[in-house]
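**Student:** With the sequence up front, the predicted model follows.
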Amino acid sequence: MTRTRHILAALAVAAAATAARADGPVTFARSGKPARVEIAAGVAGDVVLTALGRQWTDPAPAEQGVARISVPKVRAVTVFDVVAAVGQKKVGELVAWPDRDVAWGGRAAIIAAGEPKWFRQWADAVGLPVQWLEGDDAQKWHSTRPGGRSPALVVLGHGAAGHTPAPLLRPDGDAPPNVLVLNAWWFGALEPRGAIPFVWVTPASLTGPLSDMRGENWPKPLVFGLLGTPWPAVCNRRAWIEGNKGPLVEEVWAGASPRRVVLSYLRWEQRLGRDESADRLLLAVLSAAAVPPSDAPDARVVLPTGQKLDAEARPVLAAATAVGGKIPRRRSAPVLVVDLRGHAPPPPGAAGRLESLQRIVHAGSPLLILGDDPLLDGCQWLQIDRRGQRLAAAHVTWLADDDLPPAAPDRITLMQTLTAMNVSLGTDTRENTDEDQTDD
């Protein structure tokens, strides 16, 4: 399928998702089980479930936006319309999964706190073994031991994720559980405000621990709405699902924390049950998030041009150089960084120093060049290709974006690049209490 056809398919699914939301809320449930089905506000009277051109249930009374209905038995995931018994107006949807448990087994103990309601419904519908923490217990997730053992994964919604990620990034206890955050107030804000942008995901979008799924052939892209944008702080980050403007699911960390923290900005509830690939992808994210993280980055950054850093203009690079000097044990070769961004001319002698780096780089020290300047054309060993926006020299990475301070997507790209180069960035745990973020 060509890129154009992917885009057309994405637009079609996005339009369908928008239309579905306009018809009322969506409930996830399990075949043959009683369900608390949500319906559009203000609807009174009886409702029924319809699908495939026929009615599947007897009328059930709707009271205060809820109808209690026994879900019909199905052999495959089925989307039912919830319609008013009189007038046949659609007032909601119910997605029913067959009465069999998803393949999970005892690979990981999972607990959930402050989770969005769709996750609870979906986990119950597919038989995912989750222990749910309620009330005050939701704030004690870091010390909960399901079945007497430490959980491998904690799934958090904004009710438990707090107004800052600092507690998540700080190690607690001897064996802190890994964390998957499905919703948090401190996620980045959507732009423009009030919009609900859609993004599309294909196997080519999957990276990191999800790379094994890149060879799959999906019938169409998965189209999601965005709940938020990447957390804006400076930290180490690695994309698991990459979008055209930054990560859609990413792992973040600070220093040598033994806890894996994964952040998802996608509205999973829009595609679960409607696309088999969406269910398998979420299960893959949960499974990968439960695996302990690898060793912390241990490379340090060296600025061979002798320039001084302004933390406001170069926040990511300033964090990289500040943390690098505090690492007690280094096994990786130092990362050389030449920063040419901004309108100011390069510092005196920068061209000569860049030329002198050839021997060090050829010996294996990675070089990262930021920004663009004509002096790059004078360094023949870099083998600059301006049309392709790349440098052909081995061990050299070039990010040509030239603005200072860098735009948010450029900052994210730089953090990801330095993380891939094994550089520790520490973290800035600034609070983001943006009340415009969406609830469950």
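**Tutor:** Arrived safely, thanks for sending.

**Student:** Can you pull the poorly scored residue ranges out of the stretch 201-350 of the chain?
**Tutor:** 255-257, 305-307, 323-331 (pLDDT under 70).

**Student:** at 90 what do you get?
**Tutor:** Segments of the stretch 201-350 of the chain classed as low confidence (criterion: pLDDT under 90) are 219, 228, 244-245, 253-260, 291-313, 315, 317-334, 340, 342-350.

**Student:** so where do the strands sit in it?
**Tutor:** If you assign secondary structure with DSSP state E, counting those that start in this stretch, the strands in the stretch 201-350 of the chain sit at 222-225, 236-243, 246-253, 261-264, 301-302, 335-339.

**Student:** packing partners for the first one?
**Tutor:** In terms of contacts (3 or more CB pairs under 8 Å, 6 or more residues apart in numbering; DSSP states H and E), strand 222-225 is packed against helix 3-22, strand 198-201, helix 276-289. Where C-beta positions appear, they are placed from N, C-alpha and C, glycine not excepted.

**Student:** Relative to the whole chain's centre, how far out is the last one?
**Tutor:** The gap between where helix 276-289 is centred and where its chain is centred comes out at 12 Å by CA atoms, centre = their mean, to the nearest Å.

**Student:** That one - contacts with which helices or strands?
**Tutor:** The contact analysis (3+ CB pairs under 8 Å, 6+ apart) places helix 276-289 against strand 153-156, strand 178-181, strand 222-225, strand 236-243, strand 261-264.

**Student:** Next, the angle strand 246-253 makes with that helix.
**Tutor:** Helix 276-289 and strand 246-253 are oriented at 20 degrees to each other (axes from the mean of the first three to the mean of the last three CA atoms, to 10 degrees).

**Student:** buried sites along helix 276-289?
**Tutor:** Applying a neighbour-count criterion of 16 or more other CB atoms under 10 Å, one finds 277-279, 281-282, 284-289 buried in helix 276-289.

**Student:** okay if I get those as CSV plus distance to residue 78?
**Tutor:** Putting these into CSV (distance: CB to CB, whole Å) gives the following:
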residue, distance to residue 78
277, 17
278, 15
279, 14
281, 20
282, 19
284, 23
285, 24
286, 23
287, 26
288, 29
289, 29
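
**Student:** Let's verify the residue lying farthest from the centre of the chain: helix, strand, or coil?
**Tutor:** Largest separation from the mean C-alpha position in the chain: residue 86, at 42.6 Å (CA atoms, centre = their mean). Taking DSSP: H, G, I helix; E, B strand; the rest coil as the rule, one finds residue 86 in the coil state.

**Student:** Who are the contact partners of it?
**Tutor:** 45-46 (CB atoms under 8 Å, 6 or more residues apart in numbering).

**Student:** What pLDDT does the model give it?
**Tutor:** You'll see residue 86 listed with a pLDDT of 88.

**Student:** Which residue is the nearest non-sequential neighbour of residue 26?
**Tutor:** Leaving aside its sequence neighbours, residue 26 sits nearest to residue 93 (CB to CB, 6 or more residues apart in numbering; 4.6 Å).

**Student:** tell me which element the one you found is part of?
**Tutor:** Here residue 93 is covered by strand 90-97, with elements defined by DSSP states H and E.

**Student:** State the next helix or strand along the chain beyond that strand.
**Tutor:** Going down the chain from strand 90-97, the next helix or strand is strand 110-113, by DSSP H and E.

**Student:** What pairs with that following strand, parallel or antiparallel?
**Tutor:** Sheet partners assigned to strand 110-113 using DSSP bridges are listed as strand 130-133 (parallel), strand 153-156 (parallel).

**Student:** From the contact counts, what lies against the next helix or strand along the chain from it?
**Tutor:** Note on strand 110-113: by DSSP H and E, the next helix or strand toward the C-terminus is helix 117-126. Where contact means 3+ CB pairs under 8 Å, 6+ apart, helix 117-126 is packed against strand 26-30, strand 90-97, strand 110-113, strand 130-133.

**Student:** export those strands to JSON lines and tack on mean neighbour count, mean pLDDT and distance to residue 237?
**Tutor:** Below are the helices and strands packed on helix 117-126 laid out as JSON lines (neighbours: other CB atoms under 10 Å; pLDDT from 0 to 100; distance: least, CB to CB, whole Å):
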{"stretch": "strand 26-30", "mean neighbour count": "23", "mean pLDDT": "96", "distance to residue 237": "30"}
{"stretch": "strand 90-97", "mean neighbour count": "24", "mean pLDDT": "96", "distance to residue 237": "32"}
{"stretch": "strand 110-113", "mean neighbour count": "23", "mean pLDDT": "90", "distance to residue 237": "23"}
{"stretch": "strand 130-133", "mean neighbour count": "19", "mean pLDDT": "89", "distance to residue 237": "26"}
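
**Student:** can you tell me which of these comes nearest to residue 348?
**Tutor:** Each of the helices and strands packed on helix 117-126 has some distance to residue 348 by CB to CB; the shortest is strand 110-113, at 56.0 Å.

**Student:** Run the chain-centre distance for the closest one.
**Tutor:** Centre-to-centre, strand 110-113 and its host chain are 18 Å apart (CA atoms, centre = their mean).

**Student:** Extract the C-alpha set from it and format it as PDB.
**Tutor:** Presented in PDB, the C-alpha positions along strand 110-113 are these (Å, rounded to 0.1, in the frame of the first residue of the first chain):
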ATOM      1  CA  ILE A 110       0.000  -6.200  37.000                       C
ATOM      2  CA  ILE A 111      -1.600  -3.700  39.300                       C
ATOM      3  CA  ALA A 112      -3.500  -0.600  38.200                       C
ATOM      4  CA  ALA A 113      -4.200   2.700  40.000                       C
END
